[in-house]
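Trainee: Fold the following, please.
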Amino acid sequence: MAESAQRNFIYQVDKAYNLVTAGAMSYTEAVKDAVNALISEGATVKYSTGHEDTIETATLRAVRTGISQATAQIQIKRMDEMGVDLVITSAHLGARPSHQLWQGQIFSRSGGGKYPDFITETGYGTITGLCGINCRHSFGPYFEGMDNPYEKYDSLENLNQYKKEQRQR
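Mentor: Here you go, the predicted structure:
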């Protein structure tokens, strides 16, 4: 039964991911449909770490992570095509403390010059870094002299929001 539930979970997450990336359904609708399909089975998701989540939480996290990673790969490809080295990361209230350190900052993909190294500083490509598991941040090209719309995020306000969201969970 556990294997069947896991196969169904993977199938529903893949289906939601494909519907969203194909533009056939919104992110919210795809997650809702996947959750409803999984709830009818009455299962939960248990990770290899022993952590267990409801179907809704696991589905939301998996679809969010998949979309984030696909978008990031497209962004990297376009930046390669344009020859862009500098990257700006997004920022939002409620960011994890480890992500708060680099959100809204400018980085160098090559690691040279006056900006810090993109991968080393953000952890891009790791499960806990930028675009990793459940990360809501994104990034895009940055050109010297552009305004940084994210530079005025208050770290105390961010930490308070993060604590509220953790309490809510």
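
Trainee: Let's test this: name the helix or strand in this protein with the lowest mean pLDDT.
Mentor: Least confident element among the helices and strands of the chain, by mean pLDDT, DSSP states H and E: helix 155-168 (a mean of 63).

Trainee: tell me the centre residue of this structure?
Mentor: residue 135 (3.0 Å; C-alpha atoms, centre = their mean).

Trainee: For the closest residue to that residue other than its chain neighbours, which residues are in contact?
Mentor: The shortest distance from residue 135 to any non-neighbouring residue, by C-beta to C-beta, 6 or more residues apart in numbering, is to residue 68 (6.0 Å). In this view, the C-beta of every residue, glycine as well, is placed from N, C-alpha and C. Going by C-beta atoms under 8 Å, 6 or more residues apart in numbering, residue 68 touches 131, 135-138.

Trainee: and if you look at residue 52?
Mentor: Residue 52 makes contact with 44-46 under the criterion C-beta under 8 Å, 6+ apart.

Trainee: closest to residue 8 among the residues you listed?
Mentor: Nearest to residue 8, judged by C-beta to C-beta, of the contacts of residue 52 is residue 45 at 10.4 Å.

Trainee: what's the distance between that closest one and residue 90?
Mentor: Distance from residue 45 to residue 90, counting by C-beta to C-beta, to the nearest Å: 28 Å.
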